[in-house]
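K.L.:
below is the structure, and that's it, no one-letter string:
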């Protein structure tokens, strides 16, 4: 911080040779994130032993998690518990893959149960909560519809499309993919 106050030069922040994707992501998030959280740094560099596109993704996620930049869909998902009655992890991964190329800054929640899910998903633009062989879709914390488990993913994607249109991001719909 002292340097930044005394000199008018941009500060570049990064963790050199942080490791492979898994370890490097954690080291970069902690190292770069803690420095940025202190208000230090103007540019970042994520350096991990993987595809350079993964480095860019990690960088964006660090910036998003600190509220410094907004790009792309933020997925909120619960870790599952004994009340989870759908394959939540698979559903969350599928949703994440489908929205991966969308640049619109929306929040999407994928929750395991209708006990905690609606409350936890209420801060999301759109959310889904699992139940016994079915799920409920919520928009801004309010129930939109209930669907059978087999219809849940396609129905949820249709609701995500509606959110994109409502928020003025209709051009992003073409970036959704199966």
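P.N.:
Now that the structure is in, tell me what you want to look at. Quick caveat, the model's predicted, so the values are computed rather than measured.

K.L.:
which parts of the chain are helices?
P.N.:
Shown for the chain, the helices assigned by DSSP state H span residues 2-6, 21-37, 52-65, 88-98, 117-121, 149-166.

K.L.:
so which of those helices is nearest residue 105?
P.N.:
Within the helices of the chain, the stretch nearest residue 105 is helix 52-65; the backing value is 8.2 Å (C-beta to C-beta). (Each C-beta comes from the backbone N, C-alpha and C, glycine too.)

K.L.:
and the closest one, how far out from the chain middle?
P.N.:
11 Å (C-alpha atoms, centre = their mean, to the nearest Å).

K.L.:
what comes into contact with it?
P.N.:
With contacts defined as C-beta atoms under 8 Å, 6 or more residues apart in numbering, helix 52-65 is touched by 21, 24-25, 28-29, 32-33, 36, 44-48, 69-72, 74.

K.L.:
low-confidence stretches in the protein?
P.N.:
For the chain, residues meeting the criterion pLDDT under 70 lie at 1-4, 178.

K.L.:
show me it divided up by domain.
P.N.:
With domains defined by automatic domain parsing, the chain comprises 2-65, 74-175.

K.L.:
name the nearest residue to residue 101, ignoring sequence neighbours.
P.N.:
Once flanking residues are discounted, residue 101 sits nearest to residue 175: 4.2 Å by C-beta to C-beta, 6 or more residues apart in numbering.

K.L.:
related to what we said a few turns ago, just name the most buried of the helices of the chain.
P.N.:
When those are scored by mean count of other C-beta atoms under 10 Å, the highest mean neighbour count falls to helix 117-121 (a mean of 20).

K.L.:
for it, packing partners?
P.N.:
With contacts taken as 3 or more C-beta pairs under 8 Å, 6 or more residues apart in numbering; DSSP states H and E, helix 117-121 sits against strand 107-111, strand 126-131, strand 134-139.

K.L.:
apply 6 Å and report the result again.
P.N.:
Here helix 117-121 touches strand 107-111, strand 126-131, going by 3 or more C-beta pairs under 6 Å, 6 or more residues apart in numbering; DSSP states H and E.

K.L.:
deepest of the ones you listed, which one?
P.N.:
Among these, strand 126-131 has the highest mean neighbour count (mean count of other C-beta under 10 Å), at a mean of 26.

K.L.:
name the residue closest to the centre of this protein, please.
P.N.:
Taking C-alpha atoms, centre = their mean, the centroid of the chain lies closest to residue 74, which sits 2.6 Å from it.

K.L.:
what's opposite that residue in the beta bridge?
P.N.:
residue 107 (DSSP bridges).

K.L.:
how much space between residue 25 and residue 131?
P.N.:
Residue 25 sits 33 Å away from residue 131, going by C-beta to C-beta, to the nearest Å.

K.L.:
cool, residue 170 as well?
P.N.:
The gap separating residue 170 from residue 131 is 31 Å, by C-beta to C-beta.

K.L.:
many thanks, have a good one.
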